[in-house]
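Peer 1: Sequence plus predicted model, see below.
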Amino acid sequence: MNLSVNKNETTIINLTLIVSLILLMIYPLFYPQKSYASATGFLRLDRQSASATLSGVVCMKSTQTSGGVTKVIVAFPSTFSLTGANTTWTVDTTAANMPNGASTGDSFTATAWPGIVGPSFVDNTASKAAIFTSTDLTNATNTYCFHFTAGSSTVGTAGADKTGNVLTYNQSTGVNVENLGYATAITAGANSEQIQVTASVSATFSFALSGGATGQALPLGTLNSATPVTSPYRVTATISTNATNGFLSWVKSGSGGLNSVATGQTITYPGSYDATPSDLGSTTGVGIFGVTGTGAPTIAAEYNTGDGGNSVGFVSNTSFDLIASKTGNQSGTTFTVGARAKPLGNVPAGTDYTDTLTMVASGSF
Amino acid sequence: MIKNSLKIKNLKFKIVVVILISFVIILRSTNIAFAGPTSTNFQLLDYGFGAGGVATSSSTNYMFQGILGEVETASLSSTSYILGPGLTYTLEPNTPAAPSVTNPSNYYNKLKVIIDNGGNSTDATFIIQVSTVGDFSSNIYYVQADNTLGLNPVWQTYTSWGSGTGFNIIGLSTGTTYYARVAAKRGTFQQGRYSAVASAATVNPTFTFSIQTTNQSIPPFSVGIGVVNAGQITTSWQSVTTNISTNANSGGIVYLNSQNAGLKSIAAGNYTITSTTGNLAPASEGYGIQGQTITQTSGGPMEIISPYNGTAQNVGIVDTTKRVFADSTAAPVSNGQATFQVKAKASTSTPAATDYADTITVIGTGSF
């Protein structure tokens, strides 16, 4: 047999053969396999009551390790409302959103879904689906998870047995790699999957005086008109309370000064309650002063003279005046009170000059 | 002339290579069964040589069997059976009866199959052909050795297909009717006819979920702990009941998470009694969840998951992380209930206030 072929014919035949080969190579892409495996996993919503904002976690344990996954298509129940542009959706694999067998009680620890991005497309019509970009799920022992938020989309109306599916897809071959069917339920009523827990914490308050001489006395001893005499002791006030606004303590005089029954005379408190202590170095009378202690409560300006010096504060016998305070919880907060006096030179001698100070405190709840 | 001859040889070689490659690719892609050669009016139906005898030629992997005799295509048949004449039919294995295909327990992605061995010998092997179309005109799959569906036939013995116990075809689509039929092959001889068809349908996945409190069957739901005294542990007198039903293979799961991660008081300057896991008795202050009871109508059983399964004054943390409170032990469950109570303890320094509050979100999920 004699066969003759010229150069042009050879070229045409070669081209034909090459095109044929290319067509044959891509043939499977036009007629992809339609069988796919069924993965396990779940869609866990963040909120599950009617009309709640849609977000949640998608988890899938793949049975295929070389399916060439490029997309994951999450089809939501038909009653869900997918609104807004796909750009309002977000995805993340933040650990706090992922199941963790060690800390969340889940039966597995999630593996961050590889290459998850998107979604590139959201369909609120027939399919109710969002198409996320993904890379291949290569380990059949891993459960891959990602968290998503869906903009202003909602979970729609209440009901049970709301079905959907999660499909992994190889875009280059057109093959559905894995399919996860699921069902969920939406509870009826706003916030109907939530429990409001309420409680009250009861008020506590304790107040005690201690120190000084027996009976919380402040003995001034023998007074003279030349030099102020300061009590050798101070009485300690201790306050504990869970009052949110802390405590306040007040003081009131029983007789308006050091009163002597025997002489019928009274050494009075000089000045007034005006945030300005009186200096017994330049005036006469009796007064008290406060010194802050544990917890550093604030001593009222009228009494905030410190431990030394000659200044004292006025004590009314008609009203309680604030001597110390502090905001917030108090646990063993203390302050101390001392007395100081310098009588006039013509004050009758007597051994029974006395006043009784009443101190009270209260929690500010 | 020699050069031209070489070109021709080269071209012939290319043509042969392309034809062979095409042949292989098409075979791999389509699984098309070969039919006999045809002309406009006729088709060669059988390569057998009639009933005149049998001759074989074999290598390690392949065998050619020739049968000498007369081709006979006439036969008696009914819908399910055919009486085949001639040695060809004599050599064929018995045709199995239709397989048993059932959905015994509301399966949504699997079906139970028990094949019939048709009285074939133990060395007979079987394929199970499955389709979502009753006449098998399309969507044809074969059960694989791992019980999934695939495109290539897998021959296994009656024993390997589970004998009389059968097995579950897995990886099926939800809410879909599947049709199955079985063919046998004995030894090195040819595949017999397919059995009659049996079918069953997977159901759709199901999931129901609800919550209620001791005295509230409809929302909004609230649980009052009441007055918490310093140093004392107070338990809510109401309990919360969660209820799930699902046919999910891996069961239902109930998650809890908290908005405030504790009992928070705005009046007390946003002070929060922080939720913790542990025993509240020795703690100065705390707040948490303690599971109480579980029950189910069927399936499961339900179980309360650590740390919510403590007793006495042991509680589990509830914070912004979703944590598993209860599940149905990785099995479908019907009316699976789990209840919990809330416990709180204040210290002497816990600010007094009447507005301590938290919001617990309860989420139910089926693990399909």
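Peer 2: Happy to help now that I have it.

Peer 1: Just to check, B:Gly162 is in contact with B:Ile114?
Peer 2: Yes: proximity of B:Gly162 to B:Ile114 meets the contact threshold set by C-beta atoms under 8 Å, at 7.0 Å. Every C-beta, even on glycine, is put in place using the N, C-alpha and C of the backbone.

Peer 1: Which residues are in contact with each of the two?
Peer 2: Taking C-beta atoms under 8 Å, 6 or more residues apart in numbering or on different chains as the contact criterion, B:Gly162 and B:Ile114 have no common neighbours.

Peer 1: Which pLDDT does the model give residue 318?
Peer 2: Chain wasn't specified; assuming chain A. According to the prediction, A:Thr318 has pLDDT 97.

Peer 1: ah, I was thinking of chain B
Peer 2: Per-residue pLDDT puts B:Val318 at 98.

Peer 1: thought it was touching B:Ile289?
Peer 2: Yes: if you go by C-beta under 8 Å, B:Val318 and B:Ile289 touch, sitting 5.1 Å apart.

Peer 1: Could you pull out the residues contacting both of these two?
Peer 2: In contact with both B:Val318 and B:Ile289: B:Leu256, B:Ile360, using C-beta under 8 Å, 6+ apart.

Peer 1: Can you list the residue ranges for strands in the stretch 51-200 of chain B?
Peer 2: In the stretch 51-200 of chain B, strands defined by DSSP state E, counting those that start in this stretch lie at B:53-58, B:63-68, B:76-77, B:82-83, B:100-102, B:110-114, B:124-131, B:140-143, B:149-150, B:156-157, B:167-170, B:177-186, B:198-201, listed in chain order.

Peer 1: Output those strands in TSV, with distance to A:Ala199 appended to each entry.
Peer 2: Shown next, in TSV, are those (distance: least, C-beta to C-beta, whole Å):
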stretch	distance to A:Ala199
strand B:53-58	85
strand B:63-68	83
strand B:76-77	80
strand B:82-83	80
strand B:100-102	54
strand B:110-114	48
strand B:124-131	59
strand B:140-143	59
strand B:149-150	56
strand B:156-157	64
strand B:167-170	50
strand B:177-186	55
strand B:198-201	52
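
Peer 1: Include distance to A:Ala208 and mean neighbour count when you put the ones you listed into a markdown table, please.
Peer 2: What follows is these, written out as a markdown table (distance: least, C-beta to C-beta, whole Å; neighbours: other C-beta atoms under 10 Å in any protein chain shown):
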| stretch | distance to A:Ala208 | mean neighbour count |
| --- | --- | --- |
| strand B:53-58 | 108 | 11 |
| strand B:63-68 | 107 | 14 |
| strand B:76-77 | 108 | 10 |
| strand B:82-83 | 107 | 11 |
| strand B:100-102 | 81 | 18 |
| strand B:110-114 | 75 | 20 |
| strand B:124-131 | 86 | 22 |
| strand B:140-143 | 85 | 21 |
| strand B:149-150 | 82 | 20 |
| strand B:156-157 | 89 | 15 |
| strand B:167-170 | 75 | 20 |
| strand B:177-186 | 83 | 22 |
| strand B:198-201 | 80 | 18 |
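
Peer 1: Mean pLDDT and distance to A:Asn142 for these - can I get that in TSV?
Peer 2: Shown next, in TSV, are those (pLDDT from 0 to 100; distance: least, C-beta to C-beta, whole Å):
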stretch	mean pLDDT	distance to A:Asn142
strand B:53-58	57	46
strand B:63-68	58	44
strand B:76-77	72	53
strand B:82-83	68	50
strand B:100-102	98	33
strand B:110-114	97	22
strand B:124-131	96	29
strand B:140-143	96	27
strand B:149-150	90	23
strand B:156-157	96	30
strand B:167-170	95	19
strand B:177-186	95	29
strand B:198-201	98	32
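
Peer 1: so which of these comes closest to A:Ser362?
Peer 2: strand B:110-114 (72.0 Å; C-beta to C-beta).

Peer 1: got the residue ranges for the helices in the chain?
Peer 2: I went with chain A, as the question did not name one. Chain-ordered helices for chain A, with DSSP state H as the definition, fall at A:7-30.

Peer 1: look at chain B instead
Peer 2: B:2-30, B:86-91.

Peer 1: least reliable of those helices going by mean pLDDT?
Peer 2: helix B:2-30 (a mean of 56).

Peer 1: Show me what residue of chain A gets nearest to chain B.
Peer 2: A:Gly105 (3.2 Å; C-beta to the nearest C-beta).

Peer 1: Now that residue. Its backbone dihedrals?
Peer 2: When read as degrees, to the nearest 10, the backbone of A:Gly105 gives phi 80, psi 0.

Peer 1: Tell me, how many residues neighbour it?
Peer 2: Number of residues near A:Gly105 (other C-beta atoms under 10 Å in any protein chain shown) recorded here: 23.

Peer 1: Ok, B:Gly162 next?
Peer 2: 16.

Peer 1: circling back to that earlier point, which pLDDT value goes with the residue of chain A closest to chain B?
Peer 2: You'll see A:Gly105 listed with a pLDDT of 96.

Peer 1: Which strand residues bridge the residue in chain B that chain A sits nearest to?
Peer 2: Residue of chain B nearest chain A, by C-beta to the nearest C-beta: B:Val324 (3.2 Å). Beta-bridge partners for B:Val324, by DSSP bridges, are B:Tyr255.

Peer 1: Counting neighbours, what do you get for it?
Peer 2: 21.

Peer 1: Quick check: bridge partners of the residue nearest to A:Asn304 when sequence neighbours are not counted?
Peer 2: Setting aside the residues directly before and after it, A:Asn304 is nearest to A:Gly290 in space (C-beta to C-beta, 6 or more residues apart in numbering or on different chains), at 6.4 Å. Beta bridges link A:Gly290 to A:Val337, judged by DSSP bridges.

Peer 1: wait, A:Gly290 sits on A:Thr298?
Peer 2: No: the pair A:Gly290 and A:Thr298 does not pass the contact test of C-beta under 8 Å, sitting 9.6 Å apart.

Peer 1: Those two - which one has more neighbours?
Peer 2: More crowded of A:Gly290 and A:Thr298, by other C-beta under 10 Å: A:Gly290, with 26 against 17.

Peer 1: any idea how far A:Thr336 is from the residue nearest to A:Asn304?
Peer 2: Going from A:Gly290 to A:Thr336 by C-beta to C-beta, to the nearest Å gives 7 Å.

Peer 1: again with B:Ser210
Peer 2: B:Ser210 is 62 Å from A:Thr336, by C-beta to C-beta.

Peer 1: For stretch A:345-356, measure first residue to last.
Peer 2: 23 Å (C-alpha to C-alpha, to the nearest Å).

Peer 1: again, but for stretch A:340-358
Peer 2: Stretch A:340-358: ends 17 Å apart by C-alpha to C-alpha.

Peer 1: go on, stretch B:241-259?
Peer 2: 19 Å.

Peer 1: shouldn't A:Ala341 be in contact with A:Ile267?
Peer 2: Yes: under the criterion of C-beta under 8 Å, A:Ala341 makes contact with A:Ile267 at 6.2 Å.

Peer 1: Which residues are in contact with each of the two?
Peer 2: Counting by C-beta under 8 Å, 6+ apart, the residues touching both A:Ala341 and A:Ile267 are A:Leu223, A:Leu258, A:Gly285, A:Val286.

Peer 1: can you tell me which two in the residues you listed are farthest apart?
Peer 2: Within the shared contacts of A:Ala341 and A:Ile267, A:Leu223 and A:Gly285 form the most distant pair, 10.7 Å apart (C-beta to C-beta).

Peer 1: Please identify every residue contacting each of these two.
Peer 2: Jointly contacting A:Leu223 and A:Gly285 under the rule C-beta under 8 Å, 6+ apart are A:Ile267, A:Ala341, A:Lys342, A:Pro343.

Peer 1: Closest one of the residues you listed to A:Ala203?
Peer 2: A:Ala341 (38.5 Å).

Peer 1: can you pull the pLDDT of the closest residue to that closest one other than its chain neighbours?
Peer 2: Distances taken as C-beta to C-beta, 6+ apart place A:Val286 nearest to A:Ala341, at 3.8 Å, with adjacent residues excluded. Here the pLDDT value assigned to A:Val286 is 98.
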